[in-house]
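1. Fold the stuff below for me.
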Amino acid sequence: MERIQNIPRELISSALNIDYKMPISRAISSLKKYPAIIVYKNKEYHGIVDSRAIYRAKSDLKFSSNERIEKFSRKVPKISNSTSIYDLIYYFYKSGVKALPYSSGNKITGVLERKTLLKVLLSLNLLKDMQVNQAMTTPVLAIDSRASLAQATATMRNKNVNRLVVLENSRFAGLITNYDISKRYARVDVERLPEMKSEMYKPANVAISSIMERNAKGIEYNRPVAEAVRDMVENNISSLIVLKGGRPIGIVTVTDVFESVLARQRTEPSKIFMSGFDEKTYQYEDDAREALKSFSDSVERLSGIDVDYITLKVKSTKTKLYEMQVRVSLGRHGMINMHTTKYLFDDALNDLMIKLKHKIIKEKESILTHKREILREE
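-> Just a heads-up that it's a prediction; the model follows:
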């Protein structure tokens, strides 16, 4: 994989350095000017905070002005002018942040923004020969425009997703994202929006039709991934609705793009990519890899559908639950995304594979039905 040598200063954005004790109110104000904040503790790099990190940490949309910025920081790797593009992609993919701290020597001098890396991928032609349907996530999760804000946030939380397609009369009408909701309604207690001060405001009373993005960008499933990335960069967005004949069939996100590049550039023969294992879960890593490998082999043998790769993200929570998210790339048949939460690691993994098997069977039935329709027409 190529390296970016001596990253031009023009690619590095300014960032604000802030002490870990600083209140969240100042951070929210500062993030209107800077793409990210570098947090220091005892004069040492402690982590990074961007707008998404703040809003993702608060599902109830409420902040106390006295909360410290430390609570929202995340320690991600520092990069330099010798960091490989592969590592840059991997760090963004694994962390989900919008910027990575850039160091020159021992000093952090700014951040490399995620959108800047997307521009680099385009300029180096690293997205060549990739189509949207090879990177998208399916199935598309949708909600009716008459649903409430409370219903939308609950659906996203339960399905572990950050965005929903909005339908009106069963037709694509727009998009609503967790970030957009939080950006509009999450405020520290001293600066509530006018409508939030009213007794009329309750998440259950706000229809998503009043806050959704009606001009959400879409792209046809057979278009190049490079075209999708160019649209994201030019419109400063992180996802596109994937359409087939005007009908939404999936979503392609920046994370999907990074994942596809990593999978295509892999040097090992394995199709299994796993992340999130820590001191509590590392003991399960080898067994999980073998289970997913066996699952992949059985899917290809029994269904005849090729599995391009499988990614597994694991997270152990404070409530002793295991959260797992698995994504399976079926090549030209798209991407399948599943999530589960269980008290036992094995139960969570087995639950995911059962769900995946049922979904892939449905996918095969859909393919066979489509072929039969074509034969009848001929």
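
2. which one is the most centrally placed residue in the chain nearest to, not counting chain neighbours?
-> Geometric centre of the chain, nearest residue: T255, 4.9 Å, by Cα atoms, centre = their mean. Distance criterion Cβ to Cβ, 6 or more residues apart in numbering; nearest residue to T255, sequence neighbours excluded, is Y93 at 6.3 Å. Any C-beta I mention is one placed from the backbone N, CA and C, and that applies to glycine too.

3. elements contacting the helix or strand where that neighbour lies?
-> Element membership for Y93 (DSSP states H and E) is helix 85-95. For helix 85-95, the elements it packs on are strand 99-104, helix 114-123, helix 254-264, judged by 3 or more Cβ pairs under 8 Å, 6 or more residues apart in numbering; DSSP states H and E.

4. Save those as CSV, and put in distance to N222 too.
-> Shown next, in CSV, are the helices and strands packed on helix 85-95 (distance: least, Cβ to Cβ, whole Å):
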stretch, distance to N222
strand 99-104, 32
helix 114-123, 19
helix 254-264, 15
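
5. weakest of these by average pLDDT?
-> Here the lowest mean pLDDT among the helices and strands packed on helix 85-95 goes to helix 254-264, at a mean of 87.

6. What residues of it count as buried?
-> 254-264 (16 or more other Cβ atoms under 10 Å).

7. Now flag whichever of those residues is closest to E290.
-> Nearest to E290 out of the buried residues of helix 254-264 is A263 (Cβ to Cβ; 19.3 Å).

8. Touching, the closest one and R327? I think so.
-> No. Counting by Cβ atoms under 8 Å, R327 is not a contact partner of A263; they are 10.0 Å apart.

9. Please report the distance of V314 from L330.
-> 22 Å (Cβ to Cβ, to the nearest Å).

10. Any stretches of the stretch 51-200 of the chain with poor pLDDT?
-> 54-65, 183-200 (pLDDT under 70).

11. and if we set it to 50?
-> 188-200 (pLDDT under 50).

12. can you list the domains in this structure?
-> Listed domain ranges for the chain are 9-113, 132-257, 268-377 (source: automatic domain parsing).

13. Take those and write them to CSV, including distance to S123.
-> Output for the domains of the chain, formatted as CSV (distance: least, Cβ to Cβ, whole Å):
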stretch, distance to S123
domain 9-113, 11
domain 132-257, 11
domain 268-377, 25
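
14. Out of those, which is closest to L126?
-> Comparing the domains of the chain by Cβ to Cβ, domain 9-113 comes nearest, at 7.4 Å.

15. can you give me the end-to-end distance of the closest one?
-> 13 Å (Cα to Cα, to the nearest Å).

16. now it, how far from the centre of its chain.
-> Averaging C-alpha positions (Cα atoms, centre = their mean, to the nearest Å) puts domain 9-113 17 Å from its chain's average.

17. pretty sure M156 contacts N162?
-> Yes. The criterion here is Cβ under 8 Å, and M156 meets it with N162 at 6.4 Å.

18. residues shared between the contacts of the two?
-> Both M156 and N162 are contacted by N178, under the criterion Cβ atoms under 8 Å, 6 or more residues apart in numbering.
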